[in-house]
Structures are given as structure tokens and as C-alpha cells.
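S.K.: coords please:
(2 chains)
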Amino acid sequence: MPQEVDPTAVQEFLNSELVDLGVEQDAISADARFDELDIDSLDVADLMTSIKRDYGVEIPRRDLVGLTLGQLVDRIVTERPAAG
Amino acid sequence: MLELPGRKYLVTGVLNDESIAWHVAAALQRAGAEVCLTSFGRAMRITRKAAALLPEPAEVLELDVTDDAGFEALAERVRHWDRLDGVLHSIAFAPSDALGKAFLSTPASSALAGFRTSAYSLAQLAQALAPALARSEHGGAVVGMTVDTQRALPGYDWMGVFKTALQSVAQYLALYLGPSGVRVNLVAAGPVETVSARGVGGFGDLADYYERWAPLGWDRYDPSRVVGAVLFLLSDLSRWTTGQVLHADGGMHAVTGGVGTPDRPAS
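M.R.: The predicted structure is shown next:
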């Protein structure tokens, strides 16, 4: 059985990836909408590839529209066991 | 299942694991071949992560196709390889003012920049690798990616022009590299939802059209539909085929869509 993922760890992972991509720390919160962050399509591809590499979770681009960072964390946590 | 044990291929154009080139690289590895990737600039770190998702690890070389020195460095690097059986050119770029129904107002600088990256680069890539490709006992293969260039695709705009140019570049390369045993072919793919595709205004409408009217059906989210055609052209099954464009588009290029209702539900 794959290990349970801790939502806080996922949150920290997303936070550090986003800061890496040049997003201001102030702009990162659970309520922040993904498509309103100051990132371009290459950054999105970068982040989605990291999520897939580290958690084995694939999130289709069309699902990102309107998604908040909090919802993204939930999705990674929920889908992780199925992917493992 | 195609077997390519001991073969070595260079694959350009892997951005992430949605890229057509990523799926080709994965298929080559599954067939037993060794694969080396190229990427450049900001894309490099994404390509490295995507490479880690392949069935086997793959080296990522830096290659900026707008830099002559990059091709010289690549040629030098490959000179020491004992073999190179094929290369996939899956690179294109058009500034945003050359796409999405801006055709009539596209400045010359944008049209020329797009031409260099999307069409001329095939000639530079083939030239840099030709000596290594000529050493392959199966004949070296150069394969590029295009679209249906027989008609204007709404929104595709100058990229359509670059792809038509790419086709002509491939034919001339077929002419001049044939005597070295190197073949040059293109795969004309139906619309596949990738990071690049999202830069094309109206891409969704075009994909809708293929999914509704292609005789075999189409699925923009399934890049594997294009892989078989690329693999065939990279393998020695295509040893005596050059200057060809193979359509992997569900048959859309061959028929007229939009008349009456489709015979089957869209796939």
C-alpha cells in the first residue's frame, strides 16, 4: 500500500515549487486561485511535472481552471493512493 | 511490437510528459533503444523532470536551435558516439502575433523568427548529425513533425506557413542526404493537446473538428495516436522511404468534414 500523504507536506511542496518559479510568498495561500497566480504556461508545465514526479498524480490542464491552491492540495492527497 | 535493441536516437522537443516527443522517447525505450534528449533555456529543468518520468533514465543535452554554436557543439558531441540511428525534430515556435488569426498583421520579424526555429532548424539539425547518422548500418533516420499543410488551418496561421516550409526543407534534405543513406520524413499529426498547442488560438475548435469528422475518430488527449507513425519512420522498416509525409490524424486530411452528420459518434 502506498503511504498516506500529509496535506501539510504537499502544501509545503507546492509553496516551495511556486516560490522557485518566482511567485511572491504573499500571493500563495489556500484560497489563491491557481489561474490568477503570476505564472505562465511553462511554469504550469514545470509544476505539473514536479507533482507527477513526486506524487505520481496527473492533473489535466483543463481541471486547473478556477482551482484554488487548497483544492489542488486536496486533489493530490486524494489521488495519491490510487496513483501509487 | 517493434524491436529496436541497441539502437540510439536523439529526441528533441520533450518539454513535459504531454509532449509528443516524450511519448516517442518512451516508446523507443520500450523497444530497447537508447534515447538522448535535447532541450534549452527555461524548458531545460522541465525536460529533466520529464526525463525522470521515462521508463529509463535519459541524458538531456542543451540545444538552442537559434544558435549556430549550439549545433556545432552538438555535432562535436555526437562525433564520438559509436552510432546514431535517428533523430526526432519536434521543435516549433511562433511569436504570439503570428498565431490566432493575427495573420494579416504579423510583422516580418515575427514571421522570420518563427521560420528559423520551426523550419530552418531541421536543416541545421540534419546537417550537424548527418555524419553520425550515415554510420548507422540501417541508414540514419531524420523525422520531423508537421500538420496538415494542404489547406489553411484557422488560427494556425504563420505556423502553417512554417510547416509548409518544413516540408520543403525535408524534401531537399532527402535529396542531399539520400546518397549518405540518410532518410528524411515527416509525420503530420492531428491536433494533440500539449503546452505548445495551447499557444494556438482556436486550437480547441480545430480539435473539435477532427474529433467530429476524422473517419477513424480523434482524441486530442491521446498523443500515442501519433507515436506509431513516428516509430515506423525512425525504424528500418522505412529504410527505403524518404521525402514522405505520413499523416497520423485519423484520416482527416483525406476527407471533407462538416457535410451532413458524421456516420459515427465522435470518439
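S.K.: Let me see the ranges of the helices in chain B.
M.R.: Counting by DSSP state H, chain B has these helices, from start to end: B:20-30, B:43-52, B:68-79, B:108-115, B:121-134, B:158-177, B:203-213, B:224-234.
S.K.: That should have said chain A, apologies.
M.R.: Secondary structure of chain A (DSSP H): helices at A:7-20, A:41-55, A:69-83.
S.K.: Out of these, which one sits most buried?
M.R.: Greatest average neighbour count among the helices of chain A goes to helix A:41-55 (a mean of 20), per mean count of other CB atoms under 10 Å in any protein chain shown. Yep, even glycine has a C-beta here, placed from its N, CA and C like the rest.
S.K.: And for that one, what's in contact with it?
M.R.: The contact list for helix A:41-55, computed with CB atoms under 8 Å, 6 or more residues apart in numbering or on different chains, reads A:5, A:10, A:13-14, A:17-18, A:21-22, A:39, A:57-59, A:61, A:64, A:76, A:80, A:83, B:15-18, B:42-43, B:45-46, B:49-50, B:52-53, B:195, B:198-199.
S.K.: can I get the CA coordinates of that helix in PDB?
M.R.: Output in PDB follows, covering the C-alpha atoms of helix A:41-55 (Å, rounded to 0.1, in the frame of the first residue of the first chain):
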ATOM      1  CA  SER A  41       2.300  28.100 -19.400                       C
ATOM      2  CA  LEU A  42       5.900  26.900 -19.000                       C
ATOM      3  CA  ASP A  43       5.700  27.400 -15.200                       C
ATOM      4  CA  VAL A  44       2.500  25.500 -15.100                       C
ATOM      5  CA  ALA A  45       4.100  22.700 -17.100                       C
ATOM      6  CA  ASP A  46       7.000  22.800 -14.700                       C
ATOM      7  CA  LEU A  47       4.800  22.500 -11.600                       C
ATOM      8  CA  MET A  48       2.600  19.700 -13.100                       C
ATOM      9  CA  THR A  49       5.700  17.700 -14.000                       C
ATOM     10  CA  SER A  50       7.000  18.100 -10.400                       C
ATOM     11  CA  ILE A  51       3.700  17.000  -9.000                       C
ATOM     12  CA  LYS A  52       3.700  13.900 -11.200                       C
ATOM     13  CA  ARG A  53       7.300  13.100 -10.400                       C
ATOM     14  CA  ASP A  54       7.000  13.500  -6.700                       C
ATOM     15  CA  TYR A  55       3.400  12.300  -6.100                       C
END
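S.K.: how far out from the middle of the chain is that helix?
M.R.: 8 Å (CA atoms, centre = their mean, to the nearest Å).
S.K.: Stretch B:3-15 too?
M.R.: Counting by CA atoms, centre = their mean, stretch B:3-15 comes out at 13 Å from the chain centroid.
S.K.: Can it be said to contact chain A?
M.R.: Yes: contact of stretch B:3-15 with chain A (CB under 8 Å from any CB of the partner chain) involves B:Leu15.
S.K.: what's the span of that stretch from first residue to last?
M.R.: One end of stretch B:3-15 sits 26 Å from the other (CA to CA, to the nearest Å).
S.K.: and what of stretch B:114-128?
M.R.: 20 Å.
S.K.: how far away is the nearest residue to B:Tyr172 once chain neighbours are set aside from B:Trp218?
M.R.: In space, and not counting its chain neighbours, B:Tyr172 is closest to B:Ala123: 7.7 Å by CB to CB, 6 or more residues apart in numbering or on different chains. Look at B:Ala123 and B:Trp218: by CB to CB, to the nearest Å, they are 31 Å apart.
S.K.: ok, these two, which is more surrounded?
M.R.: Between B:Ala123 and B:Trp218, B:Trp218 has the larger neighbour count (other CB atoms under 10 Å in any protein chain shown), namely 24 against 18.
S.K.: My guess is the more buried one contacts B:Tyr209. True?
M.R.: No: in this structure B:Trp218 lies outside contact range of B:Tyr209 using CB atoms under 8 Å: 9.0 Å.
S.K.: Now do the shared contacts for the two.
M.R.: Counting by CB under 8 Å, 6+ apart, the residues touching both B:Trp218 and B:Tyr209 are B:Met252.
S.K.: I only care about the contacts of helix A:41-55 that end up buried; give me the ChimeraX line for that.
M.R.: Only the buried entries of the contacts of helix A:41-55 go into this ChimeraX selection, using 16 or more other CB atoms under 10 Å in any protein chain shown:
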select /A:5,10,13,14,17,18,21,39,57,59,61,64,76,80 /B:15,16,17,18,43,45,46,49,50,195,199
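S.K.: which ones are touching A:Ile76?
M.R.: Neighbouring residues of A:Ile76 by CB under 8 Å, 6+ apart: A:5, A:10, A:51, A:55, A:57, A:59.
S.K.: where's the fourth one relative to A:Glu4, distance?
M.R.: If you measure A:Tyr55 against A:Glu4 using CB to CB, the figure is 12 Å.
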